[in-house]
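>>> Fold the following, please.
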Amino acid sequence: DSLTGVTADRRLQLLLIAALVGTLLVIDTDWARARLVEAIARASADSSAIVTIEGLRGHPLDRLEATHVRLADADGTWLEIDDAALSWTPRDLLDGRIKIKSIAAARARLLRLPAPAATTPAGARSGPPVDFELSSLAIARLEIPATLIRAPAIVAVTGSARWHRDERDLALELERLDGP
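Next up, the predicted model:
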């Protein structure tokens, strides 16, 4: 036995390291990404925001990219996103917060506004159940139809957001790409 003379504590440490390395190797596979897409679809199916993801790639514990993301509600699709990327730090979940370094997209089409969510009972906390921070939002091309504003518009969007208990901070900058 190659582990002769190794203490039980040391064997446990080696076993935990091997399990962690194995998990990290498995999580960065197409199989694991497919399970993640399925889990998101199942979780969102019972909510007012149905999420569909196509072409997911990247490492789930660092940076994920998707060819196409679709957000829908009971009335159908309300937002389509092409070439999306999410960069985040999942270890912050251990501290009760979601910290996203960046969300980026080459193109997004806002087809309509989403259906209103069910009302929150008086005194209940609205918003994310944990602290939330988005350091950088960048959408190279957001298409907004005339049904939502007076005339159709194409804009570039940059911004950031923070939601900490009852403090909310949202900073957005829009640059018109299709005219004045």
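>>> hey, let's count contacts and neighbours off CA atoms from now on
Noted.
>>> for the closest residue to residue 110 other than its chain neighbours, helix, strand, or coil?
Spatially, and ignoring its direct neighbours in sequence, residue 110 is nearest to residue 79 (4.7 Å; CA to CA, 6 or more residues apart in numbering). At residue 79 the chain is in strand, as set by DSSP: H, G, I helix; E, B strand; the rest coil.
>>> since we're on residue 72, how many residues are nearby?
19 (other CA atoms under 10 Å).
>>> pLDDT at it, what is it?
Here, the pLDDT recorded for residue 72 equals 89.
>>> what do you get for residue 109?
pLDDT at residue 109 comes out at 97.
>>> on that earlier part again, identify the residues contacting the residue nearest to residue 110.
Residues near residue 79 by CA atoms under 8 Å, 6 or more residues apart in numbering: 70-72, 108-112.
>>> Out of these, flag the one nearest to residue 158.
Residue 158 has its nearest neighbour among the contacts of residue 79 in residue 108, at 12.9 Å by CA to CA.
>>> residues touching that closest one, list them.
79-82, 139, 141-143.
>>> so it sits in a helix?
No: assessed with three-state DSSP, residue 108 is strand; it does not lie in a helix.
>>> so what pLDDT did the nearest residue to it once chain neighbours are set aside get?
Once flanking residues are discounted, residue 108 sits nearest to residue 81: 4.3 Å by CA to CA, 6+ apart. The score at residue 81 is 96. That number is its pLDDT.
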